[in-house]
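In: what shape does this take:
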Amino acid sequence: MQSTSPSDLKTTQRERRLESPIDQIMDNFLDEYTALDPVAATTLGIPGHETEMPDLSPDGLAAASALRRRTIAALDSAVAVDATDRITAAAAREHFEVAELIRETGAEESCLNNIVSPVQTVREVFDLMPTETVDDWAAVAMRLNRVPDALAGYRAALRFAADHGHVSPRRQVEAAISQSRANAGPEGFFASLAKTSLVADLPRTVRAELDSATRRAAAAYEELANFLVEELTPRAPARDAVGRDRYALFARLFLGTSIDLEEAYEWGLHELHEITGQLRDTAQRIKPGASAREAMDHLSADPARRLVGTDALLGWMQEKADEAVEVLGGTHFDIPEPIRTLECRIAPTSGGIYYTGPSDDFSRPGRMWWSVPDGVTEFSTWQELSTVYHEGVPGHHLQVAQTVYRREALNRWRRLASWVSGHGEGWALYAERLMAELGFLDDPGDLLGMLDSQSFRAVRVVLDIGVHCGFEAPPEVGGGPWTYGKAWRLLARHSSKTESRLRYELDRYLGLPGQAPSYKLGERSWLRLRAEVQAREGGAFDLKDFHRRALDIGGVGLDVLRAAVLGQFDSSR
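Out: Numbering: from 1, shown residues only. Model (predicted):
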């Protein structure tokens, strides 16, 4: 398959691809989709919807479903003009068709969990809104005033789902209650937003509107919490597992391929065992005779590997991110100038480390966010260096921003909105391993941090598949049926993260089935694809060229990725 590097696209217009009917279908889809979901528009950096909120009611969700089905029908009637079109159509069909299958289970209206449901997304959109000008703050106030209607629609959807027998597990409802009340409280996000130092300089009318709007948004979250307590908790099942059939659909959604669940479970157990051995061996290089945990404690006590305060953390993040761009650009990867800007920030809430992509015109850069839990003031560099590579370069930032940059070759949907976790998170985990291969983690402490991250991702494969599909628990936690206690013991045994973080993570796996394993299973697919291409090309194989060809495709499901890299969408085949 012919591929074009971003640097080529920047220097010549000969490579510009003419817009096809399939491009038009998908760009029309994106326009309609972002009109239905203005939060997604802001997340994707698409202007024009800054003051709006989505309709989260059953009618709003039905409108999004109808849009997916219309788009599938339009793609079925369209004629692909080249391999790019065929990849677009295959990626869209796969994603939309499985989304419709999941909708039939009632999971769309009942969507509620501790990490990625309207409870979080309605609040988090404000993190991405600009706040530099008076007009920016006026837009924030207008959107805040629409939070009550958005959450009213969400309550209607949850009530509709409950009346049809679909309610998220009690554990997820309780987490949502806690998060909603934290948002609404006197020290919560909305109260803090109204008190930020930037607000003091606003005109009195805008400041008054913002103050009123934050109170309304906070009250709406308090109303949501009360609804969850009074109406949903009594109807919420205690059982966390979704069952094998539903799990297979969720796994397909997050991977873009169907997997053998038994094989994936056994592979996860084997991978966890292998990584445990690598941790043990690496610990010996750090402190002979020490266990992995003892070696980690030794590293954490080293002042040279410790950061104190969020300012020091932010400076270290930015330094390491910039260094990776500088060293890798032009040697191991093509990194065009707009992508060389990666902005590191401290997130306003706690909940992990994450990346948000640039806007279409790069006026908003790609950003790496670090959510620092309350009371945490010290950070260990050995533990987090590979995370910077995961979220930055060569991980998410290179992957996502390069796709956004390729406007001469890809339609807007492909560049901005086509995302599959197995592809994206799999690449980012592959990027951590790649940096070790390239020598950037030769320090045994940094390598131990990467292996600890790998262990954390491997244990999730075992827990997620095992609990939801009802497979037998491993002997190290007693075998037999899975329980919350067994899941907790296995997770705590194979990760060095704090108890509060691991409790949050375990709730995440129980409430978002199929997503957490997509990291390791996606990484496995990337490694297998690289090996397959290397075997085909023999001595002509070039790692930089492989990465460019694969990343040029953009975010697609794993089946489509493999077929595209192997040239199976070419017209000659």
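
In: next SSE after the helix or strand encompassing Val400?
Out: Under the criterion of DSSP states H and E, Val400 resides in helix 396-405. Once helix 396-405 ends, the next helix or strand along the chain (criterion: DSSP H and E) is helix 412.

In: how about the contacts made by Ile46?
Out: Leu30, Thr34, Ser359, Asp360, Leu416 (Cβ atoms under 8 Å, 6 or more residues apart in numbering). (Glycine included, C-beta is placed from N, CA and C.)

In: measure the third one to Leu416 for me?
Out: Taking Cβ to Cβ, to the nearest Å as the criterion, Ser359 is separated from Leu416 by 9 Å.

In: and if you look at the second one?
Out: In this structure, Thr34 and Leu416 are 9 Å apart, going by Cβ to Cβ.

In: out of the two, which sits in the busier spot?
Out: Leu416 (28 against 24; other Cβ atoms under 10 Å).

In: got a list of what that one touches?
Out: Taking Cβ under 8 Å, 6+ apart, we find Leu416 in contact with Leu30, Leu44, Gly45, Ile46, Gly357, Asp360, Val404.

In: same check, this time on Leu558
Out: Applying Cβ under 8 Å, 6+ apart, the residues contacting Leu558 are Leu255, Gly256, Thr257, Val420, Gly422, His423, Gly426, Gly522, Ser525.

In: do Phe456 as well
Out: Contacts of Phe456 (Cβ under 8 Å, 6+ apart): His494, Ser495, Lys497.

In: residues near Ile465, how many?
Out: Ile465: 29 surrounding residues under other Cβ under 10 Å.

In: average model confidence for the helix holding Val400?
Out: For helix 396-405, the mean pLDDT works out to 95.

In: can I get it in CSV, CA atoms only?
Out: Presented in CSV, the C-alpha positions along helix 396-405 are these (Å, rounded to 0.1, in the frame of the first residue of the first chain):
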residue,chain,number,x,y,z
HIS,A,396,-0.6,9.1,22.2
HIS,A,397,0.6,12.5,21.2
LEU,A,398,2.6,11.3,18.2
GLN,A,399,-0.2,8.9,17.2
VAL,A,400,-3.1,11.3,17.6
ALA,A,401,-1.5,14.6,16.5
GLN,A,402,0.1,13.0,13.4
THR,A,403,-3.4,11.8,12.4
VAL,A,404,-4.9,15.2,12.9
TYR,A,405,-2.1,16.7,10.9
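
In: ok, residues contacting it?
Out: Here helix 396-405 has contacts from 6, 9, 321, 333-336, 338-339, 342, 355, 357-358, 360, 362, 366, 368, 390-392, 410, 414-416, 424, 427-428, 431, 551-552, 554-555, using Cβ under 8 Å, 6+ apart.

In: then stretch 498-513?
Out: Contacts of stretch 498-513 (Cβ under 8 Å, 6+ apart): 112-116, 168-169, 171-172, 175, 240, 242, 246-247, 250-251, 351-352, 373, 460, 463-464, 467-468, 484, 487-488, 491-492, 495, 497, 515-516.

In: which one among the contacts of Leu416 gets closest to Asp442?
Out: Gly357 (30.4 Å; Cβ to Cβ).

In: I figured that closest one hits Ile339, correct?
Out: No. Using Cβ atoms under 8 Å, Gly357 makes no contact with Ile339, being 10.7 Å away.

In: quick check: neighbours shared by the two?
Out: Common neighbours of Gly357 and Ile339 (criterion: Cβ under 8 Å, 6+ apart): Gly366, Ala401.

In: re earlier: spit out the residues that contact Thr34 and Leu416 alike.
Out: Common neighbours of Thr34 and Leu416 (Cβ under 8 Å, 6+ apart) are Leu44, Ile46.

In: contact partners for the nearest residue to Leu279 once chain neighbours are set aside?
Out: With Cβ to Cβ, 6 or more residues apart in numbering as the criterion, Leu279 has its nearest non-adjacent residue at 4.1 Å, and that residue is Ala292. Ala292 is in contact with Thr276, Leu279, Arg280, Thr282, Ala283, Leu448, Asp452, counting by Cβ under 8 Å, 6+ apart.

In: related to what we said a few turns ago, out of the contacts of helix 396-405, which are inside strands?
Out: Cross-referencing the contacts of helix 396-405 against strands under DSSP state E gives Leu342, Tyr355, Gly366, Met368.

In: count the neighbours of the first one for me.
Out: Other residues near Leu342 come to 25 when the count uses other Cβ under 10 Å.
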